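Peer 1: Structure of the sequence below:
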Amino acid sequence: AEFEAGPRIPNSVHVDMDDIAAKGHLNPKNLPHMLPPKELFAAAMDSFGISNDDHVVVYGRDGCIFTPRTFFLFRSMGHDPSRVHLMQGSFEEWAERGGDVETGPVMVLRSEDLDPDGSPPRYRARDAANVCDMDYVLRVVETAAAKDGEDEDDNDDAAPVLLDPRGTTFHKGHIPGAINIPYLSVLEDGDRLKFMPRDEL
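Peer 2: Predicted coordinates:
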């Protein structure tokens with residue numbers, strides 16, 4: 001609703017992560033934020049007028065935590081990593097610094113308006129990359145448990161690292177062997193949309 005009414009950056013589009021997420025038989029447990037099938041993502045990009053050659057800049061309002069997820073979505077679905085960018089700072093900061101904004105109602109794309117099984121899409125998407133399923137994570141945990149106490153130098157293969165980015169407000173407990181780096185710890189104080197400088201990271 002906020003995007004539809006404005007203000008917003010001119011010519012921007014609204015990507016609703018949950019609206020284009022995997023649903024139905026692709027997501028039988030109805031989990032939120034699941035990556036969409038490539039056909040649906042491609043259909044959405046065609047409707048947005050986004051091509052594989054476009055540079056995409058992801059931005060959000062103050063306090064939004066989904067901009068990194070949207071950034072990952074584009075890279076995972078095959079958009080050229082050098083053409084996907086994450087704006088440092090919020091839309092509000094953009095406006096305060098004199099960036100162009102527009103107001104007035106606009107139509108927001110909904111997944112029910114798309115036909116992913118229709119004519120071949122112009123946008124070339126791939127099956128989501130850099131993701132794993134629960135069975136893979138279970139194998140990582142079991143392998144680590146079996147090698148517990150062994151000298152790491154005896155193993156030539158680097159073991160995957162399980163990373164838990166949750167903060168203290170989430171439920172207790174963690175996957176065995178995981179390390180915790182709360183996502184807020186890599187952001188500038190008080191700004192959920194701006195990463196710390198590289199040398200500090």
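Peer 1: for this structure, which residue is closest to the average position?
Peer 2: R69 (1.7 Å; CA atoms, centre = their mean).
Peer 1: Report the contact partners of that one.
Peer 2: Shown in contact with R69 (CB atoms under 8 Å, 6 or more residues apart in numbering): M17, H33. Any C-beta I mention is one placed from the backbone N, CA and C, and that applies to glycine too.
Peer 1: Distance of it relative to E102?
Peer 2: 25 Å (CB to CB, to the nearest Å).
Peer 1: how about the helices in this protein?
Peer 2: 2-5, 38-48, 67-76, 91-96, 134-146 (DSSP state H).
Peer 1: Columns mean pLDDT and distance to I175 on top of those, output as TSV?
Peer 2: Shown next, in TSV, are the helices of the chain (pLDDT from 0 to 100; distance: least, CB to CB, whole Å):
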stretch	mean pLDDT	distance to I175
helix 2-5	88	35
helix 38-48	95	28
helix 67-76	95	20
helix 91-96	95	35
helix 134-146	92	6
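Peer 1: can you give me the strands in the protein?
Peer 2: 56-58, 84-86, 163-164, 179-180 (DSSP state E).
Peer 1: count of residues packed around the nearest residue to D53 once chain neighbours are set aside?
Peer 2: Closest residue in space to D53, ignoring its immediate chain neighbours: R83 at 7.4 Å, by CB to CB, 6 or more residues apart in numbering. Neighbourhood size, R83 [other CB atoms under 10 Å]: 15.
Peer 1: Hmm, R83 is touching S51, no?
Peer 2: No - under the criterion of CB atoms under 8 Å, R83 makes no contact with S51, lying 10.0 Å away.
Peer 1: From H171, how far out is the residue nearest to the centre of the chain?
Peer 2: Taking CB to CB, one finds R69 at 20 Å from H171.
Peer 1: Spit out the contact partners of the closest residue to A178 other than its chain neighbours.
Peer 2: Once flanking residues are discounted, A178 sits nearest to L162: 3.9 Å by CB to CB, 6+ apart. Neighbouring residues of L162 by CB under 8 Å, 6+ apart: V137, V140, V141, I175, G177, A178, I179.
Peer 1: And R61, by the same measure?
Peer 2: Counted by CB under 8 Å, 6+ apart, R61 has contacts E2, S90, F91, E92.
Peer 1: And it, how far from L73?
Peer 2: For R61, the distance to L73 - CB to CB - is 18 Å.
Peer 1: pLDDT score assigned to A22?
Peer 2: pLDDT, A22: 92.
Peer 1: Surely it touches P36?
Peer 2: Yes - the criterion here is CB under 8 Å, and A22 meets it with P36 at 5.6 Å.
Peer 1: Thanks a lot, catch you later.
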